[in-house]
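> give me a model of this one.
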Amino acid sequence: MNTIRFEFTCSRPVPLYGRLCNRYLAYASLETYIGYRQIDRLQHCYFIEAMGEQAQLEALADAIANDFLISVWLTDSNISLIDQISGSKEPLAEEAIGQEYCQQCAPQFGDNQAANFGDIALGCDFCHGEQRIDAAYLGFSATEIKSLCDALLTQGSIRLPGHHPIQLSLNPTGETGRPRLLICNPNTLNAQFHLSDRQILALSSIEKPSITARAIKSHPKLDAPLYDLCFAYNRLLIIIGETLRQRGVDWVFIEDGQLNPPLAFIRDNWVEVCNRQTCTTTIVSDAKALHDEALLINSQGYFLASQNKQQFKLEQATDSSNAIASFGSKLKPVELTDSEYGLCALHSVNAEHGLSGASAIVYFSKQHGGQIQTLDAKGQTELFFALPSLPQSGYEIYHQLEQSPQKQVLEKFKQQFPDDYVRLLNLKLPPNSDNLSSLWALGALLLGLPSRSMSVDDLSDALIASAMSHRGSNSPRVDYPLTRGEAHRSLNWCKTLGTLMSFRLADDDDKAKLAFGMHDSLTDYLANWLEHLDQNIGLKSVAIAGDEWNNPVLSQRFMLRVGKNFNVKHNQGVALEGNNYALGALLLKKRRR
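A predicted model of the protein is given here:
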């Protein structure tokens, strides 16, 4: 007789795991016990314990392996021999499951060989996913869903009704921005995209997130530098995807306002970039809030944070009607400046991880600019560095380069690469150009990288994809010299672009190496600047936040350069961009009107 424990450790609660544990209380041939414990603020452990003969325990292990589908938040799983039972016969409190399906029902309505294939309203005694289907889908019969697929194949595009309409297309919509693909045939993924095993597991997970990937070189149909890929994440899409797979369709373009942004992989963990779903999150923290609540409204949605004892509660709504229903209509929103967004992100990371002492944040956000901020041991804050706002016109960018010491290299660049010079003149940057995306867009133009359009998003993706394609870790050192203003330091972007032009003039054969060099050199400079701050205030930790960390080259090189000397932390229980600001606003030293 042996006593064993099956453990599943996650970076955030996984409601399906709790429900599965409860199910195993009634396991037929063995006496089982279950439990849940929170190891620390960001480690949640579900476990099942059982005593029995070897054959019985092996059968139990097989059953658990089949039932416990991989979660993107799963960080570790373990089977161990134990001396005594620590679990209980009491069921765990069951939290709401987000998805419309589970391992029990999905094969029944989603497998074309199953008797109930296409039955979108099929009842499930375990997850009750049929109760969460969009009301607009409930009337669809299997025949009608087949007709939708016929219409997609003949007309090239269909629009699915519902609270959040979804558009599926065989061809790109023509809009700028990173294209999104719904994968219908997972078996062809490796033949069409550069994906790691880790990324494929994430795509297959319970949560069905989006993952950013490059298509293979010279793909006959996919010519964008990067794509956001996802598997079907609701019952209707599961049935449509399987029907299209039978007809030889590997993927279709998808537009869905509620589709989660891709996850970022940072230091061995998947991290939510931002959350576009209505949700409630609880964070346990010793931090003392300075305000009772913080209502924040921005482009990502409506967020309300509050604290009760050691628990920070975050509520999120996607539109005003949901926000009024959830939060009430009398709360007054907090107004934050761009620099305060970065500071709120720093407070959020520190509270989430229980950090104290001097800290700094490297904050890169498309919406609120890039910056480095510090918080010393006495709670005093300082904006150490901010990315400059670049001129919005390509003509003005050229003019400023012409007036700088980079004039000579600029003239050589103009003569040697006239087409790229013309592209530079045609560039239009948005008003919020104090971000890495705008700098990457200029880098893509100066390297002559092709892009679908002249938008910042497309050009930035071109540079990131080129850097991802570089094989090796060596690259030229691109200059990122600091300038000292009255309030804070910034970047001499003319010198940065001048260095890039010089390297391209010297060797135009390896653009991927230069694209990689822009990333690697920046992280090297960041490491030097943080070392300087450490000497001045004694940094205990370095935080990162903002949606521009959804860049695998940037995050990987930063961890390599900075992570070896500093305790680097990021948001895990909340997103890199969005709801973390509301949490941080509770600790922001700012008088409310």
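
> pull out the buried residues from stretch 32-49.
By neighbour count with 16 or more other Cβ atoms under 10 Å, stretch 32-49 contains the buried residues 32-36, 41-42, 44-49. Every C-beta, even on glycine, is put in place using the N, C-alpha and C of the backbone.

> may I ask which two of these are separated the most?
Thr32 and Arg41 (28.7 Å; Cβ to Cβ).

> if we can go back for a sec, in TSV, list the buried residues of stretch 32-49 along with distance to Tyr227 and pLDDT.
As requested, the buried residues of stretch 32-49 are exported to TSV (distance: Cβ to Cβ, whole Å; pLDDT from 0 to 100):
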residue	distance to Tyr227	pLDDT
Thr32	44	95
Tyr33	45	96
Ile34	40	97
Gly35	41	96
Tyr36	37	96
Arg41	34	79
Leu42	30	82
His44	32	94
Cys45	35	96
Tyr46	34	97
Phe47	38	97
Ile48	38	97
Glu49	43	96
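
> could you dump those residues to a markdown table with secondary structure and distance to Ala55?
What follows is those, written out as a markdown table (DSSP: H, G, I helix; E, B strand; the rest coil; distance: Cβ to Cβ, whole Å):
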| residue | secondary structure | distance to Ala55 |
| --- | --- | --- |
| Thr32 | strand | 16 |
| Tyr33 | strand | 20 |
| Ile34 | strand | 22 |
| Gly35 | strand | 25 |
| Tyr36 | strand | 28 |
| Arg41 | coil | 40 |
| Leu42 | coil | 38 |
| His44 | strand | 32 |
| Cys45 | strand | 27 |
| Tyr46 | strand | 25 |
| Phe47 | strand | 22 |
| Ile48 | strand | 18 |
| Glu49 | strand | 18 |
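
> redo these as CSV? Include distance to Ala93.
Putting the buried residues of stretch 32-49 into CSV (distance: Cβ to Cβ, whole Å) gives the following:
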residue, distance to Ala93
Thr32, 18
Tyr33, 16
Ile34, 12
Gly35, 12
Tyr36, 9
Arg41, 19
Leu42, 19
His44, 13
Cys45, 15
Tyr46, 12
Phe47, 15
Ile48, 16
Glu49, 19
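
> and the nearest residue to Pro15 once chain neighbours are set aside, how far from Ala264?
Leaving aside its chain neighbours, Pro15 sits nearest to Glu95 (3.9 Å; criterion: Cβ to Cβ, 6 or more residues apart in numbering). Glu95 is 25 Å from Ala264, where distance means Cβ to Cβ, to the nearest Å.

> immediately after the host helix or strand of Ala50, which helix or strand?
Assigned by DSSP states H and E, Ala50 belongs to strand 43-52. As assigned by DSSP H and E, the chain's next helix or strand after strand 43-52 is helix 54-67.

> by contact count, what packs against that following helix?
strand 2-10, strand 43-52 (3 or more Cβ pairs under 8 Å, 6 or more residues apart in numbering; DSSP states H and E).

> adding distance to Asn112, write these out as TSV.
Output for the helices and strands packed on helix 54-67, formatted as TSV (distance: least, Cβ to Cβ, whole Å):
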stretch	distance to Asn112
strand 2-10	31
strand 43-52	33
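
> do you know which of those lies nearest Asn234?
strand 2-10 (22.7 Å).

> what's the next secondary structure element after the closest one?
Next element after strand 2-10 (DSSP H and E): helix 15-23.

> what about the host helix or strand of Leu463, distance to the chain center?
According to DSSP H and E, Leu463 maps onto helix 456-468. Centroid separation between helix 456-468 and its chain, computed with Cα atoms, centre = their mean, to the nearest Å, is 17 Å.

> how about stretch 306-316?
On Cα atoms, centre = their mean, the centre of stretch 306-316 falls 23 Å from that of its chain.

> avg pLDDT for that stretch?
Mean pLDDT, stretch 306-316: 88.

> and it, what's buried?
Within stretch 306-316, the residues that count as buried by 16+ other Cβ under 10 Å are Ser306, Gln307, Phe312, Leu314, Glu315, Gln316.

> on the three-state scheme, the second one is what?
The three-state label for Gln307, taken from DSSP: H, G, I helix; E, B strand; the rest coil, comes out as strand.

> can you give me the distance of Ile70 to His532?
42 Å.

> ugh, typo on my part, it should be Pro209
37 Å.

> likewise Gln54?
Taking Cβ to Cβ, one finds Gln54 at 60 Å from His532.

> where do the helices sit along the stretch 51-200 of the chain?
In the stretch 51-200 of the chain, the segments counted as helices under DSSP state H, counting those that start in this stretch are 54-67, 106-110, 142-155, 189-192, 197-204.

> any idea which helix is longest in this structure?
For the chain, the longest helix by residue count, based on DSSP state H, is helix 511-537.

> distance from the chain centre to that one, please.
22 Å.

> Val252 pairs with what?
Counting by DSSP bridges, Val252 is bridged to Leu182.

> what's the local residue count around it?
25 (other Cβ atoms under 10 Å).

> what's the answer for Asn185, then?
By the criterion of other Cβ under 10 Å, Asn185 has 17 neighbours.

> and the one helix or strand in the chain whose mean pLDDT sits lowest, which residues are buried?
Every helix and strand in the chain was compared by mean pLDDT, DSSP states H and E; the lowest is helix 320-327, with a mean of 82. The neighbour-count check on helix 320-327 (16+ other Cβ under 10 Å) flags Ala323, Phe327 as buried.

> report the distance from the helix or strand that that helix is followed by to the chain centre.
As assigned by DSSP H and E, the chain's next helix or strand after helix 320-327 is helix 338-353. Centroid separation between helix 338-353 and its chain, computed with Cα atoms, centre = their mean, is 17 Å.

> and the next element down the chain from helix 338-353?
Once helix 338-353 ends, the next helix or strand along the chain (criterion: DSSP H and E) is strand 359-365.

> which one of the helices of the stretch 51-200 of the chain lies closest to Thr282?
helix 197-204 (24.1 Å).

> the strands in the stretch 401-550 of the chain, which residues?
482-484, 489-491, 541-545 (DSSP state E, counting those that start in this stretch).

> the first one: how far from the chain's middle?
Going back to what we said before, that points to strand 482-484. 31 Å.

> the last one now?
Relative to the chain's own centre, strand 541-545 is displaced by 16 Å; criterion: Cα atoms, centre = their mean.
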